[in-house]
Structure formats: structure tokens, C-alpha cells
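Student: Sequence and predicted structure, then a few things I'm wondering about:
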Amino acid sequence: MGVVSYSQEFTSTIAPSRMFKALVVDSHNIIPKIVPGGIKSVEFIEGDGGVGSIKQTNFGESAHIKYTKHKIDALDVENFYCKYTLIESDIKFDKIDFIVYEVKFTLADGGCLCKMSSDYHVMEGAELKEDDIKQGKDRAMGLFKTVEEYLLENPAVCT
């Protein structure tokens, strides 16, 4: 089994504390509210949101996927950092055993810089190409921008 790593960065005019709260700490409340067609619900099936908790995301009817489960491996609210692992999905991956994500928000130019990395643990003998994960990267960027727009329009949310 090999590991294929990808990283990406986003900038925003929103403070890192607000983006982190909306996308990580309070995502189970915020995200289904602002993308109800894409994400039906996000719920903790184990734990209360801290390290070791398991969060299930249930997608909308039009999505090609029904659900995912992520385990929170590390959470540092004061430094806007989270590490979590995709541990289950209704879609059977033919090349990937699991995926480990890390996200970190830092102060930058009156807003924030978000650094995200994804480590794809590839099955023995499988090869993962950039095109295989492009859709996921594009969705992450789309969600980031949607949350950013929501927070700009609602300055009292996630303060």
C-alpha cells in the first residue's frame, strides 16, 4: 500500500476563527443549512465532536454518494487545526483503503489562509492519478467558497 498526497490552499477575507468554526467545529449545523440540496444532514454517531468522534454526512438525493463517515483524529480549536480520516462510505473504492485529511487556518492579509492536505492510502497494486481525485478537490473548493459567501452575507454567524 502506498500513499499519494495532495495539498491545496485557499484564501479568504473571513477571519480564520469564523471559517474554522463554520467548516469544522459547527459544520454539522452550518453546512446542511447553506447547501440543503447537496448535504441533507451531518450528525455525530459517536462522541460529541472531539477527538475520536465519528461524524456521518448524509448527502442529498441528487448526489452520487449517500453518506460518508469521518473519524476526528486531532482537533486544536485554538490553533484552527483538524485532522480526520474517511473511514466509511456507501461507495466502494476500488483504489483507496482510506483517506486522511488535515486542515489548518491561519491569519493572512486581514482574512485567512486555509491549507488542506489529503493522504490517499492506495490499495496494493493500484495507481491513483490526479484525475481520480480532481472531482473531490473541486467539491472542497466549492464548499469553501459557499461557506465564505454565507459568512460574508451573515457577519454575526460563527463569531
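Tutor: It's in.
Student: All the helices of this structure, residue numbers only.
Tutor: In the chain, the segments counted as helices under DSSP state H are 16-20, 27-34, 130-153.
Student: The longest one packs against which elements?
Tutor: So the one you mean is helix 130-153. Using 3 or more C-beta pairs under 8 Å, 6 or more residues apart in numbering; DSSP states H and E, the elements in contact with helix 130-153 are strand 2-12, helix 16-20, helix 27-34, strand 111-122. The way it works is simple: take the backbone N, C-alpha and C, and place the C-beta from them, glycine included.
Student: let's see 7 Å
Tutor: Contacts defined by 3 or more C-beta pairs under 7 Å, 6 or more residues apart in numbering; DSSP states H and E place helix 130-153 against strand 2-12, helix 27-34, strand 111-122.
Student: Could you do the second one as well?
Tutor: Contacting helix 27-34 under the criterion 3+ C-beta pairs under 7 Å, 6+ apart are the following elements: strand 39-46, helix 130-153.
Student: which parts of the first one are buried?
Tutor: It stands for strand 39-46. For strand 39-46, the neighbour count (16 or more other C-beta atoms under 10 Å) marks 39-40, 42 as buried.
Student: could I get those residues as JSON lines with pLDDT?
Tutor: Listed next are these as JSON lines, based on pLDDT from 0 to 100:
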{"residue": "I39", "pLDDT": "92"}
{"residue": "K40", "pLDDT": "93"}
{"residue": "V42", "pLDDT": "94"}
